[in-house]
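Visitor: next one to model:
(one chain, ligands or ions: 1)
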Amino acid sequence: MEPVTPKPLPPPLPAFRSPLHEPRTAVVLGRLLGAALLLCFLTGLISHALQDPPAWLTPHLPSRPVNGYRVTQGLHVISGLAAVPLLGAKLWTVYPRLFEWPPVRGAVHALERLGILVLVAAMLLELFTGLLNTLQWYPWPFPFRQTHFWLGWLATGGLLIHVAAKGTLIARHWRRPAAGLPQRRAFLTAVAAAVGAVTVTTAGQTVPFLSGLDVLAPRRPDIGPQGLPVNRTAAQAGTVTVPDGWQLHVVGPRPYRLSLAELARLPQYEVELPIACVEGWSASARWTGVRIADLLERAGAPGGSGLRITSLEADGPYRVTQMPAEYAADPLTLLALKVNGEVLTADHGFPARIIAPNRPGVLQTKWVARLEVV
Ligand code: HEM
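Guide: Got it, this is the predicted structure:
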């Protein structure tokens, strides 16, 4: 008798019984998740360009539309938060595929799986770091901004590879099938409800007509001293000390200094502009102060000059900031001395702060000490 070689047994893999672990559900959720990721990626690039532009882009940054950053960063955080339940639902739908056997069927399949690993890891970390950033909580040793930026590229690259690899399957399940699965309808309705609930209870931090429903976002745009939230108080900035007899120091071809009383005697302008924060909240206020363009002209700055702004803060990444020429020349850009009709409090930047249109909140420098023509 011939000896019988026993066939190797497959590993004891879990059984997945839900009919929803199938490609049509993966495609419906994938479309929404992909759209949220792309919107997040594009608005994230805009935020990055406005905060930390490469030298070639700086002169082209526009100070209009006035509410540009408020809208793009609001959309960034809204789509990022909506992606959290979408990602959970998508991963639940497809996770049995991660147990397929054999785990690798050749070089191309190995590459596809590597792409999936990068995509899922980058998405999870991206959403986790973004979510904690809205709470201004950074419990990790790496810099948030650079890490979040590069994870965005990894996730978007991983998404493109994933969609290309699944292209045929996606195309086959793109259209609604003639006979719908009742469980799928119920599942997708629950996911839509979760996305709706997350959006409606957080978007009010930047969308005015939803502000009454803003119960889960860390900020209410109408709560704070002088009717405006404060992201970084004077104490958090290292107890900023405004010297007695503070003077604004303007450095240019004709340098000069002005006391607060002298600044208040210059022509004052009132503008309605938002503070729009990278964390996703924004709030409009009425600012009164001196036009930056007038201060630059008085210093003999040539047309098209930009500005270096130094704060009284002892340190911090935004103690010294740059303002491109178009912002400096904009008639809405002020060195503000008042907000909503009152002299600025210490937490809003007393004695003077920058307010400019279409600019991230971190660059609306508080406690201004010095302006330099560049
Ligand atoms: C951030 C976005 C996404 C993540 C994190 C993600 C994640 C995953 C994972 C982990 C798998 C299982 C791995 C595998 O099948 O080898 C998968 C499968 C799949 N994904 Fe995505 N995906 C995303 C976006 C998309 C998009 C935009 C679409 C289509 C519009 C899509 C359609 C599919 C399809 C058709 C499958 C196969 C499902 C099956 O065979 O049952 N995914 N996805």
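
Visitor: secondary structure element for the closest residue to the ligand within the chain?
Guide: Minimum separation of the chain from the ligand (C-beta to the nearest ligand atom) falls at residue 30, amounting to 2.4 Å. Backbone N, C-alpha and C define where each C-beta goes, glycine included. Under the criterion of DSSP states H and E, residue 30 resides in helix 23-51.

Visitor: repeat for residue 5
Guide: Assigned by DSSP H and E, residue 5 belongs to no helix or strand.

Visitor: not counting its neighbours along the chain, what's nearest residue 199?
Guide: Leaving aside its sequence neighbours, residue 199 sits nearest to residue 82 (C-beta to C-beta, 6 or more residues apart in numbering; 5.6 Å).

Visitor: that neighbour touches residue 200, doesn't it?
Guide: No - in this structure residue 82 lies outside contact range of residue 200 using C-beta atoms under 8 Å: 10.6 Å.

Visitor: which of the two has more neighbours?
Guide: residue 82 (23 against 15; other C-beta atoms under 10 Å).

Visitor: so that one: helix, strand or coil?
Guide: Using DSSP: H, G, I helix; E, B strand; the rest coil, the structure places residue 82 in helix.

Visitor: contacts only, for it.
Guide: Going by C-beta atoms under 8 Å, 6 or more residues apart in numbering, residue 82 touches 36, 195, 198, 199.

Visitor: ok, now with 6 Å
Guide: Listed by C-beta atoms under 6 Å, 6 or more residues apart in numbering, the contact partners of residue 82 are 36, 195, 199.

Visitor: burial count for the first one?
Guide: Translated: residue 36. The burial count for residue 36: 21, using other C-beta under 10 Å.

Visitor: ok, now the last one?
Guide: Counted with other C-beta under 10 Å, residues neighbouring residue 199 total 18.

Visitor: quick one: what helix or strand has it in it?
Guide: Using DSSP H and E, residue 199 sits in helix 182-202.

Visitor: what packs against whatever helix or strand comes next after that helix?
Guide: Remark: after helix 182-202, the chain's next helix or strand is strand 247-251, criterion DSSP H and E. If you count contacts as 3 or more C-beta pairs under 6 Å, 6 or more residues apart in numbering; DSSP states H and E, strand 247-251 packs onto strand 256-259, strand 368-373.

Visitor: what about 10 Å?
Guide: strand 256-259, helix 260-265, helix 292-298, strand 307-311, strand 368-373 (3 or more C-beta pairs under 10 Å, 6 or more residues apart in numbering; DSSP states H and E).

Visitor: looking at these, which is nearest to residue 66?
Guide: helix 292-298 (15.4 Å; C-beta to C-beta).

Visitor: in that closest one, what's buried?
Guide: Buried residues in helix 292-298, defined by neighbour count with 16 or more other C-beta atoms under 10 Å: 292, 293, 295, 296.

Visitor: can I get these in a markdown table including pLDDT and distance to the ligand?
Guide: Output for those, formatted as a markdown table (pLDDT from 0 to 100; distance: C-beta to the nearest ligand atom, whole Å):
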| residue | pLDDT | distance to the ligand |
| --- | --- | --- |
| 292 | 98 | 42 |
| 293 | 98 | 45 |
| 295 | 98 | 47 |
| 296 | 98 | 46 |
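
Visitor: so which two of those are the farthest from each other?
Guide: 293 and 295 (7.5 Å).

Visitor: overlap of the contact sets of those two?
Guide: 301, 328, 334 (C-beta atoms under 10 Å, 6 or more residues apart in numbering).

Visitor: narrow those residues to those in helices?
Guide: Mapping the shared contacts of residue 293 and residue 295 onto helices (DSSP state H) picks out residue 328.

Visitor: restrict the shared contacts of residue 293 and residue 295 to contacts with the ligand.
Guide: Among the shared contacts of residue 293 and residue 295, no residue is within reach of the ligand (C-beta under 6 Å from any ligand atom).

Visitor: and which of the shared contacts of residue 293 and residue 295 is nearest to residue 105?
Guide: The nearest one, if we look at the shared contacts of residue 293 and residue 295 relative to residue 105 and count by C-beta to C-beta, is residue 328, at 59.7 Å.

Visitor: what about the closest residue to the closest one other than its chain neighbours, distance to residue 206?
Guide: Counting by C-beta to C-beta, 6+ apart, residue 307 is the residue found nearest to residue 328 once chain neighbours are left out, at 4.8 Å. To residue 206, residue 307 is 27 Å away according to C-beta to C-beta, to the nearest Å.

Visitor: neighbour-wise, which of these two wins?
Guide: residue 206 (27 against 23).
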